[in-house]
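K.L.:
model this:
(2 chains)
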Amino acid sequence: MAVELETPSAYVNHHMTHLTVGQGFWTVHVDTLVMSSALAALVAWVLWLAARRASSTARPTGLGAFIEFVYEWVDNEVGSIYHGNRRFLTALALTLFTWIVAMNTMDLLPLDAPGNVAGAFGAKFWRVLPTADINGTAAMAVLVLILVVGAGVRSKGTGGYLHEWISAPFGANPVLWIPNLLLNAIELLSKPISLAMRLFGNMFAGELIFMLIALLGLGVTEASAGGVARVGLQILLGSVWAVFHILIVLLQAFIFMVLPIVYIAMAEEHH
Amino acid sequence: MLAINATFIGQFIVLLVLLWFIYKVVVPMLAGPIEDRQRKIAEGLAAAERGERSLTEARGNADQIIREARERATQIVDQAQHRANEIVEEAKGQANTEGARLVAQAHEQIELDTNRARESLRREVAGIAVGAASKLLGKEIDAGKHAELLSQLATQI
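P.N.:
Residues are numbered from 1 along each chain as shown, chains lettered A, B, ... in the order given. A predicted model of the protein is given here:
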């Protein structure tokens, strides 16, 4: 490794540092952007490969069958929540699910491998997991916020939507306008914040636990009994956590796919 | 660690591009064929069900037709037997009548012939009797004068 990482705190700190360009707000996490863009391109390419082969007469096989299965599953999930033309919402859910699964899966790569590969290209730091960067999850959550507001305006009209801000849930009495407004603001903002924080928190914590497990074997240089035991424990715990993490990878992606659809469906309901 | 910075803008743009691609390219490519296929499968299942229903119906119809045909055949055989019996009875009756008529005719003929023979015999006997008598008496017998005697004689024969 290019950097001196002898102490545990240095090791963890190193793994939690983004490769950055710029200062202040205009800081850009190059690793997050490169990973998420590359994975978005990969997702788009794989989906396109499968979709290109879809035909109403031929029997779907291999990748095509798998992607069709995923599409139909997502479409059914959306259909069970939202009753109406759901073409766009299916696309949204499919985008969120596939992209988040691809990004979360980066957490299952050996912890030091991506950093070493990036280091070979001269990068000093490389955080491989875009969903453990609050910017990555917040971007998706803000899009959901915009779509929720858009769905409300579209189904109730601008006037109707604004009226609901001051009249629901307590009533249209002018005295209650402020409480209504406050509650609606909290209700609206809690959705994207909880979405962004839930995914970020889960992936960040998962990554951190991988780091802590990796610390077990840190600094073992000789095949002493203690050293073998520490490395053995690291391999055992790392394997167990990785298997468990597969569940989290899929579960968090599923949650981030379903909740926006639920929020948009709710936004179109009349009070 | 929780700093929102320009990375957010980049992530947002990546998300929009991916969403646009999936919405405009991938979903239409998948949805059309899948919906087509689902419709075809549904149609196929419906057709199979229709076929099964019409098969059951046809089986029922066939059974009904066979049952009717069997009944009709039995009826026809019954009728034929009945008619045959009738014909035999009729023929028997006709034969009896005809036989009786022939017998009666024969009887009549016999009687007629007997009477005729008797009559000619009577006439001949009367002639013979008259001839014999005249030979015996040696004189001519006036048939006119002895007509009563002669007819008496004839009836006695």
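K.L.:
nearest residue to the middle of chain B?
P.N.:
Nearest residue to the geometric centre of chain B (CA atoms, centre = their mean): residue B:76, 4.8 Å.
K.L.:
quick check: which element contains that residue?
P.N.:
helix B:27-137 (DSSP states H and E).
K.L.:
contact partners for residue A:98?
P.N.:
A:43, A:47, A:70, B:22 (CB atoms under 8 Å, 6 or more residues apart in numbering or on different chains). Quick note: C-beta positions are derived from backbone N, CA and C, even for glycine.
K.L.:
repeat that with 7 Å
P.N.:
A:43, A:47 (CB atoms under 7 Å, 6 or more residues apart in numbering or on different chains).
K.L.:
if I look at the residue nearest to the centre of chain B, what pLDDT would I see?
P.N.:
Looking at residue B:76, its pLDDT is 96.
K.L.:
contacts for the strand or helix carrying residue A:78, please.
P.N.:
Secondary structure assignment for residue A:78, by DSSP H and E: helix A:62-81. Residues outside helix A:62-81 that contact it (CB under 7 Å, 6+ apart) are A:47, A:49-50, A:53-54, A:60, A:86, A:89-90, A:93-94, A:97, A:257-258, A:261-262, A:265, B:30, B:34.
K.L.:
enumerate the residues of chain B near chain A.
P.N.:
Residues of chain B found near chain A (CB under 7 Å from any CB of the partner chain) are B:2, B:4-8, B:10-12, B:14-15, B:18-19, B:21-23, B:25-27, B:29-30, B:33-34, B:36-37, B:40.
K.L.:
what about the helix or strand hosting residue A:90, average pLDDT?
P.N.:
If you go by DSSP H and E, residue A:90 is part of helix A:87-105. For helix A:87-105, the mean pLDDT works out to 95.
K.L.:
how about it: buried residues?
P.N.:
Residues of helix A:87-105 classed as buried: A:89-105 (neighbour count, 16 or more other CB atoms under 10 Å in any protein chain shown).
K.L.:
restricting to C-alpha, output it in CSV.
P.N.:
Taking Å, rounded to 0.1, in the frame of the first residue of the first chain, the C-alpha atoms of helix A:87-105 are listed here in CSV:
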residue,chain,number,x,y,z
ARG,A,87,-44.7,3.4,-16.8
PHE,A,88,-42.6,6.2,-15.3
LEU,A,89,-42.8,4.9,-11.8
THR,A,90,-41.7,1.5,-12.9
ALA,A,91,-38.7,3.1,-14.7
LEU,A,92,-37.9,5.1,-11.5
ALA,A,93,-38.1,2.0,-9.3
LEU,A,94,-36.1,0.0,-11.8
THR,A,95,-33.4,2.7,-11.9
LEU,A,96,-33.2,3.1,-8.1
PHE,A,97,-33.2,-0.7,-7.5
THR,A,98,-30.6,-1.7,-10.1
TRP,A,99,-28.3,1.3,-9.5
ILE,A,100,-28.4,0.9,-5.7
VAL,A,101,-27.8,-2.8,-5.9
ALA,A,102,-24.8,-2.2,-8.2
MET,A,103,-23.4,0.5,-5.9
ASN,A,104,-24.0,-1.4,-2.6
THR,A,105,-22.4,-4.5,-4.1
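K.L.:
how far out from the middle of the chain is it?
P.N.:
9 Å (CA atoms, centre = their mean, to the nearest Å).
K.L.:
same check, this time on stretch B:98-118
P.N.:
With CA atoms, centre = their mean, you get 45 Å for stretch B:98-118.
K.L.:
quick one: low-confidence ranges for the chain?
P.N.:
If you meant another chain, say so; for now it's chain A. A:1-6, A:270-271 (pLDDT under 70).
K.L.:
my bad, chain B
P.N.:
In chain B, residues with pLDDT under 70: B:1, B:138-146, B:154, B:157.
K.L.:
phi and psi next, for residue A:28.
P.N.:
With angles defined as degrees, to the nearest 10, residue A:28 sits at phi -120, psi 130.
K.L.:
contact partners for it?
P.N.:
Residue A:28 touches A:20-22, B:6-7, B:10, counting by CB under 7 Å, 6+ apart.
K.L.:
going through these, which ones are buried?
P.N.:
Applying 16+ other CB under 10 Å to those flags A:20, B:6-7, B:10 as buried.
K.L.:
where do the strands sit along the stretch 51-200 of chain A?
P.N.:
Using DSSP state E, counting those that start in this stretch, no strands are found in the stretch 51-200 of chain A.
K.L.:
how about the residues of it near chain B?
P.N.:
Residues of the stretch 51-200 of chain A found near chain B, taking CB under 7 Å from any CB as the criterion, are A:51-52, A:54-56, A:68, A:71-72, A:87-88, A:90-92, A:94-95, A:99, A:133-136, A:138-140, A:142-143.
K.L.:
how about a cut-off of 8 Å?
P.N.:
A:51-52, A:54-57, A:67-68, A:71-72, A:75, A:87-88, A:90-92, A:94-95, A:98-99, A:130, A:133-136, A:138-140, A:142-143 (CB under 8 Å from any CB of the partner chain).
K.L.:
buried subset of those residues as a ChimeraX selection?
P.N.:
Selection of buried members from these for ChimeraX, criterion 16+ other CB under 10 Å:
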select /A:51,54,67,68,71,72,75,90,91,92,94,95,98,99,130,133,134,135,136,138,139,140,142,143
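K.L.:
helices of the stretch 51-200 of chain A, start to end?
P.N.:
Applying DSSP state H, counting those that start in this stretch to the stretch 51-200 of chain A gives helices spanning A:62-81, A:87-105, A:113-120, A:134-167, A:177-215.
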